[in-house]
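Asker: Sequence and computational prediction follow.
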Amino acid sequence: MTPEGVAELFFRADGSYLFARWGRPIVPIVFGVEDKTLATVKGAFEAVVALAGHKMAETDPELGANCMVFFFRDWAELLEVPDLDRLIPDLAPLVERLDAGGANQYRAFRFDPDGAIRAAFVFVRMDRALSKVSAETLALSQVVQTVLLWSDTAFRERSPLAVAGDTTILRPDIAALIRAAYDPVLPAVARDPSHALRLFARMEPTQ
């Protein structure tokens, strides 16, 4: 990966550069899955958070759970979740737009006053395509895309995952970038593209 390649992962579609990482321990909660899949998703969180050198916790003192992951079959099911419309503004029109566009996943973030990630909401509609994906691969993909505020175009052309033999793994360059992103010397939030150079410099020893 080049410095330009790092920057592209945080340049948004409108041309602005925006990087953010979690500023507090991650407390995930998962809805809509069986116990076996729940353990798989929690395991993916533990692995990626450990890779980042960040922390998880049993509860967030302010929010309880601060990373909510929903699995479902139809976008309309979200409208039946109690109080979800209080957490996701304009939930009804959002659901209508996602349904009309045939989307199978969506992520929304909330931020602390300093701009660090405060909470995340992950919605995964299990359509025919995603139903063919293993639970391990699906969980790892969602967690990786939640551990940082990536660009809205970051993984359109290339997945953050790779296949090694019969196993799906996190791409080594993305793993190195996540480790670098949580270096305590670096800021939790950055809006200047020069930040990508600092990320890249910290990736080099791991490549």
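Answerer: Good, I have the coordinates.
Asker: From here on, just use CA atoms for contacts and neighbour counts.
Answerer: Will do.
Asker: Not counting the longest helix belonging to the chain itself, show me its contacts.
Answerer: Using DSSP state H to define each element, the chain has its longest helix at helix 35-52. Helix 35-52 is contacted by residues 28, 30, 55-56, 135-136, 139-140, 143-144, 147, 175, 178-182 when judged by C-alpha atoms under 8 Å, 6 or more residues apart in numbering.
Asker: same thing with stretch 133-141?
Answerer: 37, 40-41, 44-45, 130, 160-161, 168-170.
Asker: Tell me the one of those nearest Ala116?
Answerer: Phe45 (18.4 Å; C-alpha to C-alpha).
Asker: State the distance from Leu38 to Trp75.
Answerer: As judged by C-alpha to C-alpha, to the nearest Å, Leu38 and Trp75 stand 20 Å apart.
Asker: now do Asp60
Answerer: Distance, Asp60 to Trp75, using C-alpha to C-alpha: 27 Å.
Asker: ok, these two, which is more surrounded?
Answerer: Trp75 (24 against 18; other C-alpha atoms under 10 Å).
Asker: can you pull the contacts of that one?
Answerer: 95-96, 98-99, 125.
Asker: and the spatially most central residue of the chain, what is it in contact with?
Answerer: Nearest to the geometric centre of the chain sits Thr146, at 1.2 Å (C-alpha atoms, centre = their mean). Listed by C-alpha under 8 Å, 6+ apart, the contact set of Thr146 reads 107, 120, 122.
Asker: now, among those residues, which is nearest to Thr153?
Answerer: Arg107 (12.8 Å).
Asker: So what's the residue count around that closest one?
Answerer: Around Arg107 there are 16 residues (other C-alpha under 10 Å).
Asker: now the nearest residue to it once chain neighbours are set aside: how far from Phe71?
Answerer: In this structure, Arg107 finds its nearest non-sequential neighbour in Val122, 4.6 Å apart by C-alpha to C-alpha, 6 or more residues apart in numbering. To Phe71, Val122 is 9 Å away according to C-alpha to C-alpha.
Asker: Spell out the residue ranges of the helices in this structure.
Answerer: Going by DSSP H, the chain shows helices at 3-8, 35-52, 84-87, 91-100, 128-131, 135-147, 172-181, 195-203.
Asker: I'd like those laid out as TSV, including distance to Arg24 and mean pLDDT.
Answerer: Formatted as TSV, the helices of the chain follow (distance: least, C-alpha to C-alpha, whole Å; pLDDT from 0 to 100):
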stretch	distance to Arg24	mean pLDDT
helix 3-8	24	95
helix 35-52	12	94
helix 84-87	19	90
helix 91-100	26	96
helix 128-131	30	91
helix 135-147	11	95
helix 172-181	14	96
helix 195-203	20	95
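Asker: In a markdown table: those, plus distance to Asn66.
Answerer: Listed next are the helices of the chain as a markdown table, based on distance: least, C-alpha to C-alpha, whole Å:
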| stretch | distance to Asn66 |
| --- | --- |
| helix 3-8 | 27 |
| helix 35-52 | 13 |
| helix 84-87 | 11 |
| helix 91-100 | 18 |
| helix 128-131 | 25 |
| helix 135-147 | 12 |
| helix 172-181 | 20 |
| helix 195-203 | 26 |
